[in-house]
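*Asks:* Using only what follows, build the 3D model:
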Amino acid sequence: MQRLFWMLEAAVFYCLTLLVAVTPAAILKCCVPPLGFVLSRLIPGRRTVVADNLKNALPYLKKHPLWPACEHDARLLARESFENLIQSLTEICKLYHGRGDGLFDGIEVRGHEHYEAARAKGKGVICFSGHCGNWELMALAFSRLFGNGAVVARRQNNPYLNRMVERMRMSYRSRIIYKKGAIRGILTTLRSGELVGILADQAASPEDGVLIEVMGRTAWASKSPVLIARKSGAPLLPVFIHREGGHHVITFHPEHIFSSDVSDAGTQRETQALSRYVENFVAAHPAQWYWVHRRWKRAGAPA
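*Replies:* From the prediction side, this is the model:
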């Protein structure tokens with residue numbers, strides 16, 4: 001029965017994504033606000049998570065120097081964040097069915113000189129990012145715009161769906177390194193001089209993470225990017241994608257320079273420093289972060 005359910009789920013996924021992919025962009029654009037509202041109602045538990053996250057994060061973010069001048073309240077940001085998710089999903093559907101070349105053509109790259117300087121070191125490049133903007137578009141764009149590379153991702157529970165997504169991604173020469181046992185694959189890719197994309201802005205387990213401050217509250221964060229950068233010697237570049245007007249912008253920041261302190265305390269400080277890049281993105285583009293995730297779980301009450 002499990003196998004039959006997985007096959008049915010994969011078939012439904014394929015049909016729904018194809019339906020979205022063949023729908024004209026002008027129609028999809030008009031559908032984004034109502035579909036964002038529908039999505040928020042279909043997942044009431046996640047809507048509650050978004051409201052709670054924003055309530056606790058906004059007092060901190062509004063004091064951030066990158067906070068937009070225009071007023072954003074929690075209700076408006078919640079609505080805009082669901083609309084951003086819907087818009088990203090429609091774009092991903094087109095990409096997965098080979099109809100998204102125009103999305104790549106419209107990407108603006110800023111800070112490309114930072115990427116070139118890192119690549120010139122010949123040790124591969126670690127691209128550190130978070131669930132910001134349309135992060136899947138950025139992952140697919142890496143191979144299209146910057147040559148061979150791979151991204152670290154979680155394997156789908158449904159094996160049929162997992163193989164389908166793999167085939168769709170491979171059409172853009174985008175490889176996946178699955179999180180379980182990922183270290184060896186990451187190091188091999190870096191030694192080949194390739195790019196590896198890592199999203200590290202979600203709650204980690206106490207076994208794999210360290211406690212840091214995220215938007216004014218204590219949170220568990222993965223220490224893997226720090227450990228991988230130290231072990232490989234590969235330069236780490238913070239890189240993010242955001243919507244600006246009618247197109248996407250990928251921004252490479254200068255290489256993050258690690259301290260020589262390899263103690264546990266040093267690892268915690270570097271993990272905190274990397275998290276600040278994500279925090280800066282959220283402050284500058286508050287509706288384009290993945291607010292539906294329980295980022296502060298297992299870490300106790302607000303600091």
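
*Asks:* remind me, longest helix of this protein?
*Replies:* Identified as the longest helix of the chain according to DSSP state H is helix 74-96.

*Asks:* Return the distance of that helix from the chain's centre.
*Replies:* How far helix 74-96 lies from its chain's middle: 13 Å, per C-alpha atoms, centre = their mean, to the nearest Å.

*Asks:* Name the surrounding residues that touch the helix or strand that it is followed by.
*Replies:* Later in the chain than helix 74-96, the nearest helix or strand by DSSP states H and E is helix 101-105. Residues from elsewhere that reach helix 101-105 (C-beta atoms under 8 Å, 6 or more residues apart in numbering): 91, 94-95, 137, 140-141, 144-145, 248. Where C-beta positions appear, they are placed from N, C-alpha and C, glycine not excepted.

*Asks:* so what secondary structure elements neighbour the following helix or strand past helix 101-105?
*Replies:* Sequence order places strand 108-110 as the next helix or strand after helix 101-105, per DSSP H and E. Packing partners of strand 108-110 (3 or more C-beta pairs under 8 Å, 6 or more residues apart in numbering; DSSP states H and E): strand 247-252.

*Asks:* Pull up the pairing partners for the strand it packs on, direction included.
*Replies:* Strand pairing for strand 247-252, using DSSP bridges, gives strand 108-110 (parallel), strand 236-244 (antiparallel).

*Asks:* other SSEs contacting the very next helix or strand once past that strand?
*Replies:* Per DSSP H and E, the first helix or strand lying C-terminal to strand 247-252 is helix 264-284. For helix 264-284, the elements it packs on are helix 44-61, strand 125-129, strand 209-214, strand 217-222, helix 224-232, strand 236-244, judged by 3+ C-beta pairs under 8 Å, 6+ apart.

*Asks:* now helix 264-284 against strand 217-222, angle please.
*Replies:* 110 degrees (axes from the mean of the first three to the mean of the last three C-alpha atoms, to 10 degrees).

*Asks:* what comes up buried for helix 264-284?
*Replies:* Using 16 or more other C-beta atoms under 10 Å as the test for burial, helix 264-284 gives 267-275, 277-284.
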